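Peer 1: Just need the structure, nothing else, for what follows:
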Amino acid sequence: MNNRGGLTDLFIFMIFGFAIVLIAVIFIYIGNVTNTQLHETMDGMTFNKGTVNGSDIVSNTFGDVNSAYGGLYWISIFLIVGMILSIFIGSYLVTTKPIFFIPYFFITIIAVIVAVGISNAYESVMQNETLASTFTGFTGANFIMLNLPMWISIIGVVGAVIMFVRMGSRDDQIYGGGSIYG
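Peer 2: Below is the predicted model:
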């Protein structure tokens, strides 16, 4: 198996975290614009010989879609937190040798440097006047993405501690103890 899977987890986390929030923002923005346009177009219309109002049709169909999109505010942060937890679990499960601490340390430093660029790009997209109002609802995701270098540092260090502290207990299991008394 691939014993060094934990080395790329930080980069995957940054890329998918950015993509998840951006896709959720776009879905909510498009849903709001479409709902507004449908109401502007269909509010005065009646269907089925005047018994069905156009605004009721829009509210009962696409209005429900927008209500569902409202869950994306929380779903995005839960996915990000889930990815953080999966990095910790993956660090616990990865079997490694002490020599890999040095590459892991350098990869964490590189990930922090890359995180600065991603965080700045996120801030630039967030300040776009078209999407700015949509980004305001993403409180938790905004906090993580705007402070991404700090988060990557913490996740990298905690992941390294989990990965490399567990080494001694793993050796005891593999080699049948190691105690001179047993």
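
Peer 1: which stretches of this structure form strands?
Peer 2: Assigned by DSSP state E, the strands in the chain fall at 46-47, 52-53.

Peer 1: Grab the longest helix from this structure for me.
Peer 2: Scanning the chain for the longest helix, with DSSP state H as the assignment, gives helix 9-42.

Peer 1: Name the residues of stretch 148-155 that are buried.
Peer 2: In terms of neighbour count (16 or more other CB atoms under 10 Å), stretch 148-155 has its buried residues at 148-149, 151-153, 155. For glycine as for every other residue, the C-beta is placed from the backbone atoms N, C-alpha and C.

Peer 1: Which of these fall in helices?
Peer 2: Using DSSP H, those in helices are 148-149, 151-153, 155.

Peer 1: how about these, which pair is most distant?
Peer 2: Maximum pairwise distance among those (CB to CB): 10.9 Å, between P149 and I155.

Peer 1: Touching, T108 and P149? I think so.
Peer 2: No. Contact criterion CB atoms under 8 Å: T108 and P149 do not qualify, at 11.0 Å.

Peer 1: Tell me where the model's unsure across the chain.
Peer 2: 1-6, 47-52, 166-182 (pLDDT under 70).

Peer 1: Please enumerate the helices of the protein.
Peer 2: Applying DSSP H to the chain gives helices spanning 9-42, 54-60, 62-69, 72-93, 101-126, 132-135, 139-146, 148-165, 167-174.

Peer 1: and the residue nearest to L7 when sequence neighbours are not counted, how many neighbours?
Peer 2: Closest residue in space to L7, ignoring its immediate chain neighbours: I107 at 5.3 Å, by CB to CB, 6 or more residues apart in numbering. Each residue near I107 was counted by other CB atoms under 10 Å, and the total is 20.

Peer 1: Show the contacting residues for I107.
Peer 2: By CB atoms under 8 Å, 6 or more residues apart in numbering, the contact list for I107 reads 7-8, 10, 156.

Peer 1: returning to that earlier point: rebuild the buried residues of stretch 148-155 as JSON lines, extending it with distance to V114.
Peer 2: Compiled in JSON lines, the buried residues of stretch 148-155 are given as follows (distance: CB to CB, whole Å):
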{"residue": "L148", "distance to V114": "9"}
{"residue": "P149", "distance to V114": "9"}
{"residue": "W151", "distance to V114": "13"}
{"residue": "I152", "distance to V114": "8"}
{"residue": "S153", "distance to V114": "12"}
{"residue": "I155", "distance to V114": "13"}
